[in-house]
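Asker: any chance you could fold what I've pasted below:
(chains A and B)
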Amino acid sequence: EPEVTQTPSHQVTQMGQEVILRCVPISNHLYFYWYRQILGQKVEFLVSFYNNEISEKSEIFDDQFSVERPDGSNFTLKIRSTKLEDSAMYFCASTGEAVGSYEQYFGPGTRLTVT
Amino acid sequence: AQSVTQLDSHVSVSEGTPVLLRCNYSSSYSPSLFWYVQHPNKGLQLLLKYTSAATLVKGINGFEAEFKKSETSFHLTKPSAHMSDAAEYFCVVSDRGYGGSQGNLIFGKGTKLSVKP
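Answerer: Next up is the predicted model:
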């Protein structure tokens, strides 16, 4: 069964460093997402991406964040200068539906620890 | 605005007994509602979804949920808990109404289900 994959599973970085989190969505899907979950808090929407551009972004997704689909398979989230409060689990998701049931398929997540 | 409230942060049941995980929603539209499950160190897996068809929705692993508009509820149930059901469960609503454009998901805080032998 097709699935969303994410690498790395755990990333440790120092404050101020750049990190790139990688995702491979399900191959025929059209919409891609990043969500994050700070420990003990809700899963929160960060950004959605469709047709090679950002569809929507939340207030969390400030200028320090960017997303890219550099080739036909990868979808990346870059944080330019990490802060301690960026420590969280980051989930990638994808869906193939333009109009439909809206179910999103999630990857296993990348745990980002900023020290 | 759309939101979901999971009424219990932790539920503990004995193996073989029923499971009830409660969720209330708020939505300006005809909602799309989901339950996702997260096992330790695993991703979020879709259990079931409601998208304005039958109000009683059956999902994987014997779970089901009933959409009750009058109560704005979407509680998750299972007749008989299994040890493998121990996980965190999230009630989720799409921020768009069913039939509209592709939306983003809004998660509840989660309910941790423990199953005792």
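Asker: okay, now the unreliable bits of chain A?
Answerer: A:97-102 (pLDDT under 70).
Asker: most centrally placed residue in it?
Answerer: residue A:34 (3.0 Å; Cα atoms, centre = their mean).
Asker: and it, what helix or strand is that in?
Answerer: Using DSSP states H and E, residue A:34 sits in strand A:31-37.
Asker: who are the packing partners of that strand?
Answerer: Contact here means 3 or more Cβ pairs under 8 Å, 6 or more residues apart in numbering or on different chains; DSSP states H and E; on that basis strand A:31-37 packs against strand A:19-24, strand A:43-50, strand A:88-95, strand B:105-107. In short, each C-beta sits where N, CA and C put it, glycine included.
Asker: report the angle between that strand and strand A:43-50.
Answerer: Angle between the axes of strand A:31-37 and strand A:43-50 is 160 degrees (criterion: axes from the mean of the first three to the mean of the last three Cα atoms, to 10 degrees).
Asker: other residues contacting strand A:31-37?
Answerer: For strand A:31-37, contacts defined as Cβ atoms under 8 Å, 6 or more residues apart in numbering or on different chains pick out A:21, A:23, A:25, A:43-50, A:55, A:60, A:67, A:69, A:75, A:77, A:88-98, A:104, A:106, A:109, B:102, B:104-105, B:107.
Asker: just the buried residues from those, in PyMOL please.
Answerer: Buried residues among the contacts of strand A:31-37 (16 or more other Cβ atoms under 10 Å in any protein chain shown), as a PyMOL selection:
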select buried, (chain A and resi 21+23+25+43+44+45+46+47+48+49+50+60+67+69+75+77+88+89+90+91+92+93+94+95+104+106+109) or (chain B and resi 102+104+105+107)
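Asker: can you tell me the closest non-neighbouring residue to residue B:18?
Answerer: residue B:79 (5.6 Å; Cβ to Cβ, 6 or more residues apart in numbering or on different chains).
Asker: so how far is residue B:64 from that neighbour?
Answerer: 9 Å (Cβ to Cβ, to the nearest Å).
Asker: who's more crowded, these two?
Answerer: Taking other Cβ atoms under 10 Å in any protein chain shown, residue B:79 and residue B:64 do not tie; residue B:64 has more neighbours (16 against 11).
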